[in-house]
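Peer 1: Next one to model:
(2 chains)
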Amino acid sequence: RLPLSPCVAGERLCSTEEATAGSGTYTRHGFIFSSLAGCLERKNEDNELPVVSVVRDSESQLLPSVGAVVTCKVCSINSRFAKVHILYVGSTPLKSTFRGTIRKEDIRATEKDKVEVYKSFRPSDIVLAKVISLGDAQSNYLLSTAENELGVVVARSEAGVQMVPISWCEMQCPRTHTKEFRKVARVQPQFLQT
Amino acid sequence: LLCGPGLRRSGAGLLVTKCGLLRHRPGGGGAYWVDSQQKRYVPVKGDHVIGIVTAKAGDVFRLDVGGSEPASLSYLAFEGATKRNRPNVQVGDLIYGQFVVANKDMEPEMVCIDSSGKSSGMGIIGQDGFLFKVSLGLIRKLLAPKCEIIQELSQLYPFELVLGMNGRIWVKAKTVQQTLIIVNILEACEYMTAEQRKQALAKLSGN
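Peer 2: Presented below is the predicted three-dimensional model:
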């Protein structure tokens, strides 16, 4: 790896005959241009051409991609959808939270019309969801929990105590013994820590 | 043992969450609850309330019901309403309806039909009349079956009365003066004993 040098967006780096485009770059008219303002990085491969990429910080921001499983926290609910803050992508925490939306018809795979958002999520629940779309102009990721392994993992009851799941649709408070409805995730045994 | 409003189970015991009088009903295993006086209304599913229309937003009316958030009422939630036959509701109208969705996390939703699709007394409240606010305890007393206050008042003048669980009462009598007299008596009933009320009514019917 050669020493890093700063570059700006739109700067022409080299031609496609000398290197291949990596992350943070794009090719036009046979040349590689930078699409970010950051540091130029050139990685030398043995058999193929070196890879040219532009990095912004020392660690690149991990963006949720379509199909990725994310961990999010519910901020508000509505009769049509739930708004969430995306906290983790896979197992890496995000430096700044993204906003996501879980629509009423994406909460469950079966019986989509009979779903009630109030009986699936509540504000401040931690939810495992999958990204189905990068979102519209307001940049809200569209998420879905329509699988057995997705849904609420941590929830607090109205008394403020963490609840214990008793089925795929109910959780119980250990102190007041009241049951509340949630769309509970069936977490795989290898991810549980006892 | 039934744990009613104002109480909450905590481990092996009961915690009181509202101040008031503890009441007990011995029948069927016993039920305990706390009778508390309150002026601020909290929307509860199934309650019949009087709402004031504050805005029309697309297919939905926004109503002020005296809670923390305005309630929403769809224009299709009236008896005999279809997409072409819209109800004639203006901003400032009074609506008597019930809650279908009312919890602390979402905005409340109201309808003016019951589960079978009939209006059963709900809908837009007519012109004239007088709307005023009382405490929630007085409303519960007036809604009890065979309430003496209502019976005594009906012997005085004939009038129309709508009671909303959010503390709002709408009254309409034949003349403005009769309406105002009924309003004053209902407001004063909060603090009068039965004796004082009978004396006041006797004085009025004597005049």
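Peer 1: what secondary structure does the residue of chain A found nearest chain B sit in?
Peer 2: Closest residue of chain A to chain B, Cβ to the nearest Cβ: A:Thr176 (4.7 Å). The way it works is simple: take the backbone N, C-alpha and C, and place the C-beta from them, glycine included. Look at A:Thr176: counting by DSSP: H, G, I helix; E, B strand; the rest coil, its state is coil.
Peer 1: Touching, it and B:Ser10? I think so.
Peer 2: Yes - counting by Cβ atoms under 8 Å, A:Thr176 touches B:Ser10, with 6.5 Å between them.
Peer 1: Of those two, which one has the most company?
Peer 2: A side-by-side neighbour count of A:Thr176 and B:Ser10, using other Cβ atoms under 10 Å in any protein chain shown, places A:Thr176 first with 18 against 13.
Peer 1: For that one, give its distance to B:Asp64.
Peer 2: From A:Thr176 across to B:Asp64, the span is 33 Å (Cβ to Cβ, to the nearest Å).
Peer 1: do A:Glu41 as well
Peer 2: Distance, A:Glu41 to B:Asp64, using Cβ to Cβ: 60 Å.
Peer 1: out of those two, which sits in the busier spot?
Peer 2: Taking other Cβ under 10 Å, A:Glu41 and B:Asp64 do not tie; A:Glu41 has more neighbours (19 against 14).
Peer 1: In terms of helix, strand or coil, where does that one fall?
Peer 2: Taking three-state DSSP, the label given to A:Glu41 is strand.
Peer 1: Bridge partners for it, pull those for me.
Peer 2: Beta-bridge pairing for A:Glu41 (DSSP bridges): A:Ser53.
Peer 1: Can you give me the pLDDT of it?
Peer 2: A:Glu41 is assigned a predicted lDDT (pLDDT) of 83.
Peer 1: Please verify my assumption that it contacts A:Val52.
Peer 2: Yes - with contact defined as Cβ under 8 Å, A:Glu41 counts as touching A:Val52 (7.4 Å).
Peer 1: I'd like the distance from the lengthiest strand in chain A to the chain centre, please.
Peer 2: In terms of residue count, the longest strand belonging to chain A (DSSP state E) is strand A:92-103. Chain-centre distance of strand A:92-103: 6 Å, with Cα atoms, centre = their mean, to the nearest Å.
Peer 1: Close to chain A: what parts of chain B are there?
Peer 2: Contact residues (Cβ under 8 Å from any Cβ of the partner chain) of chain B with chain A: B:Arg8, B:Arg9, B:Ser10, B:Gly11, B:Val101, B:Asn103, B:Asp105, B:Met106, B:Glu107, B:Glu109.
Peer 1: Using the record, which stretches count as separate domains in chain A?
Peer 2: Annotated domains of chain A cover A:5-55, A:68-188 [the TED database].
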